[in-house]
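Asker: coordinates for the following, if possible.
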Amino acid sequence: MKFREMTTTQLQEESLIDLAFAILEDKKNSLTLKELFDDIQHYNGLTDEEMASRKPQFYTDMNIDGRFLAIAENQWGLREWYPVEQIEEESAPTVKVRKKKDKVVDDDLEDLDEDEIVFEEEFDEFVEDDDEDEDDDDEPVIEFVEEDIDEVIEEDLIDEDDDEFEIDEELDEEDEE
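Answerer: Okay, here's the model as predicted:
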């Protein structure tokens, strides 16, 4: 579309998104959103108030239209200018994964609340069991005797030291010869 050859009436009847496409195609360079709005307003003849009221819908249309590509923050170009390998777009699944984690946590919290309610209902059944447990304290208690274990440990240590001492003496005798 050759927007420079169009009359003012034709430019005013043209949709903003098609006019933006024609401007970017004519300039063959990416523009910031503000520059694009200013060019559209210049060619279309819209007032500041009219342009301000149309900006949200225009921005939405640019995001939806497959011909446009957000290159950097607030920088727009035409998708056909960039090979597929060069385009780096945020992938939606990354965001969805985070949302799923939040939902899972919320579901877990709901499950915990339900479990607590069930537990509170069942807890009353076990309250009487506490009195019965106190009677079972008559079982014999096994006591730990440290003396026996210490003697066994000392004997093991002495035996090991004796063996090492004998080995050391044999090595010393061999060195002397």
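Asker: wait, what's in contact with T7?
Answerer: By CB atoms under 8 Å, 6 or more residues apart in numbering, the contact set of T7 is empty. For glycine as for every other residue, the C-beta is placed from the backbone atoms N, C-alpha and C.
Asker: how about G66?
Answerer: When the contact criterion is CB under 8 Å, 6+ apart, the partners of G66 are R79.
Asker: now it: how far from T7?
Answerer: G66 sits 29 Å away from T7 when distances are taken as CB to CB, to the nearest Å.
Asker: quick check: closest non-adjacent residue to R79.
Answerer: L69 (4.4 Å; CB to CB, 6 or more residues apart in numbering).
Asker: ok but that neighbour is inside a strand, no?
Answerer: Yes: counting by DSSP: H, G, I helix; E, B strand; the rest coil, L69 falls inside a strand.
Asker: that one: how many residues sit nearby?
Answerer: 19 (other CB atoms under 10 Å).
Asker: swap in the one 10 residues further on?
Answerer: R79: 13 surrounding residues under other CB under 10 Å.
Asker: ditto for Y59
Answerer: Taking other CB under 10 Å as the criterion, the count of residues near Y59 is 13.
Asker: which residues touch it?
Answerer: Residues in contact with Y59 (CB under 8 Å, 6+ apart) are L33.
Asker: for E25, see how far away it is.
Answerer: With distances taken as CB to CB, Y59 is found 19 Å from E25.
Asker: pLDDT of the helix or strand hosting D38, averaged?
Answerer: Mapping D38 onto the secondary structure by DSSP states H and E places it in helix 33-44. The predicted model assigns helix 33-44 a mean pLDDT of 88.
Asker: what's it packed up against?
Answerer: In terms of contact count using 3 or more CB pairs under 8 Å, 6 or more residues apart in numbering; DSSP states H and E, helix 33-44 is assigned the packing partners helix 8-13, helix 16-27, helix 48-64.
Asker: nearest to F37, out of those?
Answerer: Shortest separation from F37 across these is recorded for helix 48-64, at 6.4 Å, computed as CB to CB.
Asker: alpha carbons only: can I get the closest one in PDB?
Answerer: The C-alpha trace of helix 48-64 is given here as PDB (Å, rounded to 0.1, in the frame of the first residue of the first chain):
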ATOM      1  CA  ASP A  48      -4.200  14.200  20.400                       C
ATOM      2  CA  GLU A  49      -7.400  13.300  22.200                       C
ATOM      3  CA  GLU A  50      -8.600  11.000  19.400                       C
ATOM      4  CA  MET A  51      -5.200   9.300  19.200                       C
ATOM      5  CA  ALA A  52      -5.000   8.900  23.000                       C
ATOM      6  CA  SER A  53      -8.400   7.100  23.000                       C
ATOM      7  CA  ARG A  54      -7.300   4.800  20.200                       C
ATOM      8  CA  LYS A  55      -3.900   3.900  21.500                       C
ATOM      9  CA  PRO A  56      -5.000   1.000  23.800                       C
ATOM     10  CA  GLN A  57      -6.900  -0.800  21.000                       C
ATOM     11  CA  PHE A  58      -4.100  -0.100  18.500                       C
ATOM     12  CA  TYR A  59      -1.500  -1.600  20.800                       C
ATOM     13  CA  THR A  60      -3.700  -4.700  21.300                       C
ATOM     14  CA  ASP A  61      -4.100  -5.000  17.600                       C
ATOM     15  CA  MET A  62      -0.400  -4.800  17.000                       C
ATOM     16  CA  ASN A  63       0.200  -7.600  19.600                       C
ATOM     17  CA  ILE A  64      -2.400  -9.800  18.000                       C
END
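Asker: alright, calling it a day.
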